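Asks: The following block contains a protein sequence and its predicted model.
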Amino acid sequence: METIDIIKQDYQQFPENQTYSLYTENVYFKDPLNEFNGVQRYKQMIGFIGQWFIDIQLDLHDISQTDNIIKTRWTLSWTTPLPWKPRISIPGWSELKLNSEGLISSHIDYWDCSRLDVLKQLIPKTR
């Protein structure tokens, strides 16, 4: 199975059953909230999302590859476990760099909104 096909499958079942073998042991990860190295830390972050958030959905809108770069465009959404159950939605895109062995050595997520925009989604809507 091609790397792109595996990524598509991982998005559909996110955060369950992710294919961590696609990543180098010391993969570099960065998003607007986190920056670290290591596939173990990446697993922990995905595990945290799966443990604390409800009805998680990662919609893949586009995926393309040019040379050793895979780009994905997506929307990540979930229900937050607060009494009023706010639904959070983050549109964004990822840039995945492949090494010479075809493994992902760098995974950088970019959001199409600010961290403040995300926090505002937690505020209860008044009627």
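Replies: Thanks, I have it.
Asks: In terms of helices and strands, where is H107?
Replies: Assigning secondary structure by DSSP states H and E places H107 in strand 104-111.
Asks: For that strand, name the packing helices and strands.
Replies: With contacts taken as 3 or more C-beta pairs under 8 Å, 6 or more residues apart in numbering; DSSP states H and E, strand 104-111 sits against strand 23-30, strand 87-98. (Glycine included, C-beta is placed from N, CA and C.)
Asks: residues in contact with the closest residue to F14 other than its chain neighbours?
Replies: Once flanking residues are discounted, F14 sits nearest to L58: 3.9 Å by C-beta to C-beta, 6 or more residues apart in numbering. Contacts for L58 (C-beta atoms under 8 Å, 6 or more residues apart in numbering) come out as Y11, Q12, F14, P15, W74, T75, L76.
Asks: Can you say which of the residues you listed are buried?
Replies: The neighbour count (16 or more other C-beta atoms under 10 Å) marks Y11, F14, P15, W74, L76 as buried among these.
Asks: ok, which pair from these is furthest apart?
Replies: P15 and W74 (13.1 Å; C-beta to C-beta).
Asks: Pull out the buried positions in the lengthiest helix in the chain.
Replies: Counting residues, the longest helix found in the chain (DSSP state H) is helix 39-52. Residues V39, Y42, M45, I46 are the ones in helix 39-52 that count as buried (16+ other C-beta under 10 Å).
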